[in-house]
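Peer 1: I need the structure of the sequence given here:
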Amino acid sequence: MGVIVIALRDDLPLVAVIAGAVVCVAAAVYLAFLGWRLGVVCDGEGIEVHGLLRSRRIPRDAIVAITNFPAVRWKTVDGKSHWTPIFAFANPGRVVPFVERHNEAAISILQNWLADKRPEPPKKKRRQRPTR
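Peer 2: Take a look at the predicted model:
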């Protein structure tokens, strides 16, 4: 869109149009990379929410709730309330039904993870030796 507006101006030199196109393409590639990184990683100690502009690590003990918005409601050590949106599972407007089902299932998994206060340690798989 920005490239079209720049290209329609008659008084701009070709170099400015090309520079505008390069900036627009670079911004699109950067936003695509950030969108690709969206997600949530859970483990026994807490949750890491990868957003569009930054990632946040929240300790499990600080989490109050995982809402259907979707967002993580949490409190700091001094009792100050915060919330961190989970853009990876948001349904803005109309979404393809299977994506909506996936997002709802992911939120449900996160809520179940929070409800289970005794996380199971990861199981170490022993390598089986072939029998002769």
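
Peer 1: can you map out the strands along this protein?
Peer 2: Assigned by DSSP state E, the chain shows strands spanning 39-42, 46-50, 55-59, 63-67, 71-75, 81-85.

Peer 1: next, format the ones you listed as CSV and append mean pLDDT, distance to V23 and mean neighbour count.
Peer 2: Glycine gets a C-beta too; all of them are placed from N, C-alpha and C. Below are the strands of the chain laid out as CSV (pLDDT from 0 to 100; distance: least, Cβ to Cβ, whole Å; neighbours: other Cβ atoms under 10 Å):
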stretch, mean pLDDT, distance to V23, mean neighbour count
strand 39-42, 93, 28, 15
strand 46-50, 95, 25, 19
strand 55-59, 95, 25, 14
strand 63-67, 95, 37, 16
strand 71-75, 97, 33, 19
strand 81-85, 96, 28, 14
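
Peer 1: now the ones you listed in TSV, with distance to N91?
Peer 2: Below are those laid out as TSV (distance: least, Cβ to Cβ, whole Å):
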stretch	distance to N91
strand 39-42	15
strand 46-50	17
strand 55-59	21
strand 63-67	13
strand 71-75	13
strand 81-85	12
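
Peer 1: so which of these is nearest P97?
Peer 2: Closest to P97 of the strands of the chain, according to Cβ to Cβ: strand 39-42, at 21.1 Å.

Peer 1: could you check how far F87 is from A27?
Peer 2: Using Cβ to Cβ, to the nearest Å, one gets 18 Å for the distance from F87 to A27.

Peer 1: out of the strands of the chain, which comes closest to I109?
Peer 2: Comparing these by Cβ to Cβ, strand 39-42 comes nearest, at 8.5 Å.
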